[in-house]
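S.K.: what follows is a protein structure lacking sequence information:
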């Protein structure tokens, strides 16, 4: 789970990138990096933490230049450490190369192993360093050819923004797993994981980068090449269900409206006798609004979110009871007391957080608690960039719906059907990857895949 | 605007106080302080910033003892600086005295002046230091008598938590401007500005401290004295309109439900022809829900709040355009485009923030923008603890409703009537102070009142 | 042990004070504070740590004004904490009063107790706060009278710099225990504990503040009053032996030259058969140079000081052996091997540090190790501002010279005689306090004196 | 200018390395790094600043393992930045490789260029990364062969400590420009730039690594190979003159004693009629002691060093006058007034610092100021690791001795003759590199050598 952003040809490139990353913060809270190029020098700042913590006016001021690349991340491939923060950058004879990557390659191990045999040295275990090595090793004549050759060797999911001196490159794997869009701000082109980042800087949305497309942006001109012929896409459906921001358009459709439609579908399948519907703030809110509309039931916000709870909250260590739940969300007792409550959730991963909240609602006096989920049970891990826990930890991979209901202490529980979910989408169902629900993986996955695979592999050799 | 919290007789007193302040953070984001007493030593930690930033496990660990007092604040009397952070504390022969104060005294200047003449030295310009001096100077025989004598000399608004060695004292001025409630956690008593702080630590609400009551808590026993005979109260109505948390009960009634009733009243007075009603997140949400219910119109969240925007966001200084607006709230274009939109707001102070948001909605494609406000125009400053700007800056003190409508770029604007507002309340209208709406001040205000008055006064003498 | 500095009427008052404190750093490494007055506002910065750590360009920039007062300290009265850092400051009707104090009052407890009974509140346990209260309480007509009245109530050792609005006051107790001098920089007057601080800022030395003198500096004019008639002085002889900087003139005589003379005296009393004399860097260097000259023996620096060892050195905690000794000073083996070595030390307090160094010299190959000390055995605690350990910890209060020799592992040991020491001074012996050597205390000392006395006293009451 | 340290087979390897670097701090104050290997994982900590600032107990605690490598540095090749801090480290299939380097390669540019052409990617512009790439690319069968092949390709000056998993390697170029010695601490072997680092940790000096030797240390065994047949050495004479610590033995001789002999030689050549000789603390002290002995003149310390002046001193920016000179060193006026003073200096590079100090002495009252320098004029830059300024800035490359005397404001000035300097050494003169004095460079130097050469070269290509 990562967010990427790039700006070509704007005097405030790094400040725009900072704002762009702010809008994409939900795609990765662990670390942030910005790299800029000023025609001669490449400047970079990488920090652990969220964008607002990582960058101040001073560090932005040092990121001079009209070209910039930014990245926010959760670790997917490569463990978390300062060194692994993206974008990856190298000064090379052939140019200064920086890469920001969203997704997960599935042939990382093979590429890595082969290149080390040939005498290469790797600084990190990140996919983006491998791509840099491939570009440096390519025997193609010009830099565009080198990029094309390098990407042709990759397998898996990747949406990329690359900066080579003053050229910005946007690329998306042939399946198009992850989103990537092109925007325009006056005469400058911008790349972003989601359209909400374009909105923030008042850039105009131009179009999505196409699956399998490599787009070179230089001197205000666009040049597009294709990695291979068009094939059937595998858009990640979970971007719409949960991951993207509701104010973004993803795969060319607004997320908020899709989520309301998921709520409408859910209302067709499930109508327990309740006093009102409520979300667990904030992710389930849009499906809940859609549900309440379609089911003609009141919508309430029975739990109040404390907006001050940030990364800084420290659970005082000597307390056994987990106060974090109540610190974040407090039930409105006078609203809940004696009521039959229907919670609308977007998805359930481990089930532990929801369980705690249901308990809180009951303690606040709710008479019955029911739950509708706006997607089917998540049973399979993702190898293309969503950082689900291991299959072991996915509650729906081990328990039937009824068991989950009991585990969570619900009076009733309904998951939206696969068919219902796909019906709510704006495109035919075969355009999407729904592997986490149905186990049908569009690209072969390595047998022993693990996010610390490379480091793990090395340990085994010792 | 401040929040206070105190714990008597609990081994985790300071950690509970930390949690209590977390829940009260909305009452003061500028600084936080906790003081604890362990039977011999008094320990304190005061920091600028929010509770989560101010306290870590280490500082909480140093706050040993079974008695603790905490405070979050916006400066009301006394300018902002490390020294002025409450609680105010002093080691004195008569005991270790700590005071946390919410409200505003109106005779601060007179008291201060008189005591300096007598040779007293003041460290701060805070009301709470004056109270400490009064306690130290009292010739009453015992400490309870000293506290009673000291409070009898105060005028204005005060809800107080005082810790004198192992005794906790809760007190509220005879008008009861600000809330203060008593809770119980097993055998420990707790004082809090709002009930949401009791919820967080799983304490049971016992009752409100009464207007004019001084409650001494010692060795698990309660002893109550009265400052004067009961008189008509002047509860601050703005606590319900805007200031308190929706999940709190204030003046013995839930805020969320009151706000919904304000929305119901508004629907009786104002029904423009719109496609849907929406709040500006998050304060107007509850009135908006109430409105939508009563007016039978759809409720949408047309602007999405970015939860990552905290104190750390730095508006990159070289940008002229104010990105902060969009960083915080992004409109959902596909929802708004071509629509007639009704915004429900809880209140308008300066009007500048709302104006910027209305502009954003129009840029996102809204065809018409209307606004209903769930209280009357705010025309008068508050001298009892709400930190409104000067009267000059209150938009409704200078402009008629129609002019405000034009200033904000609205198609129509309606403020809830004073009568409508009072009707939504749970108590007779003469129990409330509504001075900010109607100019009727229950307690005389000093002529040249200013929050930096004391420092200002000194400057004048030079 | 403290250092004080003040500047009157200079546009760079606080920066000069910063430099002055830098020169006086050896008088107190624990904390530093600077207060400035700009005609209207008083600005202050107090920090734990050394001057260079405590102040940056930003904090100096905030200390605006033509008047400034600075202080470096070791705690003498009052435990160490941020609150106790001097100068002590208070905004009062009668003016902004700041006080920097070097020395130790002996009637602190009585004054404190009495004033609390009268309703005063103390923020700190520092002597300087008491003086402030006395000034505030004085019924004298003008501010000069108030200062004089306040100082007349003090007993013990004090060199003071006081700032009251734009007036700077220098004062020294009637015995003149601690030094304080007046300098002039163009049209500005300066006060400093030692002349080395005048040198640094290129100020001209004018004269010492006289014992019992109060000097008021205002509008470029000096006005001097006396607390009482002149009496016999009690200059602290330890300032010359060890405490002051060698490049300072103290009590009107250069310290470096006095120390050489102490070395000369020592050579008259003690001449073991050695290959060379050497100091333990750096304090003994000047006596050693004097000794080598007078005894006609080679001077060598057999231990090399590592200048990088600052406050930041962390003894890695898992090591048992104390590396700190060798980190600071490394013996030159090829110089020492097989040699008879004579160490010249300025003084011995606990004896533990010297002992470790002697061991190091032997390990480095020294055949014999002898030691001459340029003062007599320190047997008595100081109540006037030198922070010796308790009498228990003073090695010479418990052991005879011969036992000390054995404890330290020496072949021979000689302390300069009391007579020899006094002979090396530039003034008659009855002008000095030598109480730490001979137990003759010029001012009565409280029975249960303790540097945490005030806090201790409070604890007893509980 | 760098210092290196390594420990093999000790449970406190990183803590010993921390102490070793502390002792070597004078060889590089800009940054420090320690890398440890615990059998499986490599841990590293690199920081800007001095060792004491860079490492705390926490960072040392994280450096687990029985093998460690440390480095302190001034930048020589490669500009200063966090990324360039040594040791350089890479995880590779063939092992975890870390390298600490003291010296300067002269064929860096050629090696770098060639390897980039072959597709290699460089993270830094440091010599040590190049060596790592050479090891990784070597086709030799075992790791020892790879190291030998890699080093055989290097030209210039290098003393190296390399860690490959649990093997520590020490190596010195065939000319032996820079020192490197082997020590033993119980069963553990240690490598250090200077013997003072062995002293600190109580390790026994075993022998110097020989010029042209590669020493492999593994499992408590030593294995030595030679890069080429022995040739005439080129020991850097400046290590003895100025750079090394006086308590170290360098090239098998104590530095303190050599410096005293330089003073003896100087006394043979130069005896102006002066009242006393004095050093500028601290580097000239030992030559001054030697001079005073041989010339039978008094030795005084006429300037007192302020030990508190560290990296933290901030020259307050609004002052024009440079106070830094006086902050560091204050003259003892009463000693200097009216005297004829002879300064003994170890060397003069730019001449600007000495000039300022001479001025200070005159202001303090010195009647005449003479200077003897314990080495000849430095006229030529160093390409082997001493970070002199450009030839332009070397005062002796542009001015005759007489002009230098005038520039510095001296009454007389004498440089020790080349012959005199060499005579003071313990080895025949043809064993030393004295290129900075006589321009005879033992190894060819690249034409456009520059410490930022690699980055510069890249800029040219653009």
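M.R.: Right, received. Where do you want to start? All values reported here derive from a predicted model rather than from experimental measurement.

S.K.: quick one: residue A:100 and chain B, what's the gap?
M.R.: From residue A:100 across to chain B, the span is 19 Å (C-beta to the nearest C-beta, to the nearest Å). Using the backbone N, CA and C atoms, a C-beta is placed for each residue, glycine as well.

S.K.: residue A:138 now?
M.R.: Separation of residue A:138 from chain B (C-beta to the nearest C-beta): 37 Å.

S.K.: grab the nearest non-local neighbour of that residue.
M.R.: residue A:146 (3.8 Å; C-beta to C-beta, 6 or more residues apart in numbering or on different chains).

S.K.: repeat for residue A:445
M.R.: Using C-beta to C-beta, 6+ apart and skipping residues adjacent in sequence, the residue nearest residue A:445 is residue A:383, 4.3 Å away.

S.K.: what does residue A:292 give?
M.R.: Once flanking residues are discounted, residue A:292 sits nearest to residue A:299: 3.8 Å by C-beta to C-beta, 6+ apart.

S.K.: specify the beta-bridge partners of that neighbour.
M.R.: residue A:277 (DSSP bridges).

S.K.: pLDDT score for it?
M.R.: Note on residue A:299: pLDDT of 96.

S.K.: what's near enough to touch it?
M.R.: A:276-278, A:288-289, A:292, B:289, B:299 (C-beta atoms under 8 Å, 6 or more residues apart in numbering or on different chains).

S.K.: any idea which element the residue in the stretch 51-200 of chain A positioned nearest to chain C lies in?
M.R.: Using C-beta to the nearest C-beta, the closest approach of the stretch 51-200 of chain A to chain C is made by residue A:58 at 13.0 Å. For residue A:58, the host element (DSSP states H and E) is helix A:57-62.

S.K.: and if you look at residue A:103?
M.R.: With DSSP H and E as the test, residue A:103 turns up in strand A:95-105.

S.K.: packing partners for that strand?
M.R.: The contact analysis (3 or more C-beta pairs under 8 Å, 6 or more residues apart in numbering or on different chains; DSSP states H and E) places strand A:95-105 against strand A:2-8, strand A:31-37, strand A:42-48, strand A:67-73, strand A:88-92, helix A:127-137, strand A:156-164.

S.K.: make it 7 Å
M.R.: Taking 3 or more C-beta pairs under 7 Å, 6 or more residues apart in numbering or on different chains; DSSP states H and E as contact, the helices and strands that strand A:95-105 lies on are strand A:2-8, strand A:67-73, strand A:88-92, helix A:127-137, strand A:156-164.

S.K.: now the angle from it to strand A:42-48?
M.R.: Comparing the axes of strand A:95-105 and strand A:42-48 via axes from the mean of the first three to the mean of the last three C-alpha atoms, to 10 degrees yields an angle of 30 degrees.

S.K.: returning to what we had before: does the residue nearest to residue A:138 touch residue A:137 like I think?
M.R.: No: assessed by C-beta atoms under 7 Å, residue A:146 is found out of contact with residue A:137, at 8.6 Å.

S.K.: higher neighbour count, the two?
M.R.: Between residue A:146 and residue A:137, counted using other C-beta atoms under 10 Å in any protein chain shown, residue A:146 has the larger neighbour count: 21 against 18.

S.K.: tell me the secondary structure for that one?
M.R.: Three-state call for residue A:146 (DSSP: H, G, I helix; E, B strand; the rest coil): helix.

S.K.: could you pull out the strands for the stretch 351-462 of chain A?
M.R.: A:368-373, A:412-415, A:432-433 (DSSP state E, counting those that start in this stretch).

S.K.: what's the closest of those to chain C?
M.R.: Closest to chain C of these is strand A:368-373 (C-beta to the nearest C-beta; 50.6 Å).

S.K.: what's the nearest residue to residue A:363 if we skip its chain neighbours?
M.R.: Nearest to residue A:363 is residue A:331, by C-beta to C-beta, 6+ apart, at 7.7 Å.

S.K.: wait, what's in contact with that neighbour?
M.R.: Contacts for residue A:331 (C-beta atoms under 7 Å, 6 or more residues apart in numbering or on different chains) come out as A:302-303, A:360-361, A:364.

S.K.: and it, how far from residue A:303?
M.R.: Separation of residue A:331 from residue A:303 (C-beta to C-beta, to the nearest Å): 5 Å.

S.K.: please name every helix or strand in contact with the longest helix along chain A.
M.R.: Identified as the longest helix of chain A according to DSSP state H is helix A:255-269. Helices and strands touching helix A:255-269, as assessed by 3+ C-beta pairs under 7 Å, 6+ apart, comprise helix A:285-295, helix A:418-424, helix B:333-336.

S.K.: what sits against residue A:280?
M.R.: Residues near residue A:280 by C-beta under 7 Å, 6+ apart: A:303, A:343, A:345, A:357.

S.K.: rerun at 10 Å
M.R.: Contacts for residue A:280 (C-beta atoms under 10 Å, 6 or more residues apart in numbering or on different chains) come out as A:288, A:301-303, A:305, A:329, A:343-346, A:353-354, A:357-358, A:361, A:371.

S.K.: contacts only, for the residue of chain A positioned farthest from its centre.
M.R.: Distance from the centre of chain A peaks at residue A:338, with 39.0 Å (C-alpha atoms, centre = their mean). Taking C-beta under 10 Å, 6+ apart as the criterion, residue A:338 is in contact with A:275, A:365-368.

S.K.: name the element it belongs to?
M.R.: Using DSSP H and E, residue A:338 falls outside every helix and strand.

S.K.: and the gap between it and chain B?
M.R.: In terms of C-beta to the nearest C-beta, residue A:338 sits 14 Å off from chain B.

S.K.: quick check, pLDDT for that residue.
M.R.: Residue A:338 is given a pLDDT of 97.

S.K.: hang on, the earlier thing: show me whatever sits in contact with both of residue A:331 and residue A:303.
M.R.: The contact sets of residue A:331 and residue A:303 overlap at A:278, A:357, A:360-361, A:364, B:247 (C-beta under 10 Å, 6+ apart).

S.K.: quick one: name the residues of the stretch 151-300 of chain A near chain D.
M.R.: Proximity of the stretch 151-300 of chain A to chain D, by C-beta under 10 Å from any C-beta of the partner chain, involves residues residue A:165.

S.K.: check what pLDDT residue A:52 gets.
M.R.: Predicted confidence (pLDDT) for residue A:52: 84.

S.K.: now do residue A:79
M.R.: 51.

S.K.: cool, and the one 10 residues further on?
M.R.: We note a pLDDT of 91 for residue A:89 in this prediction.
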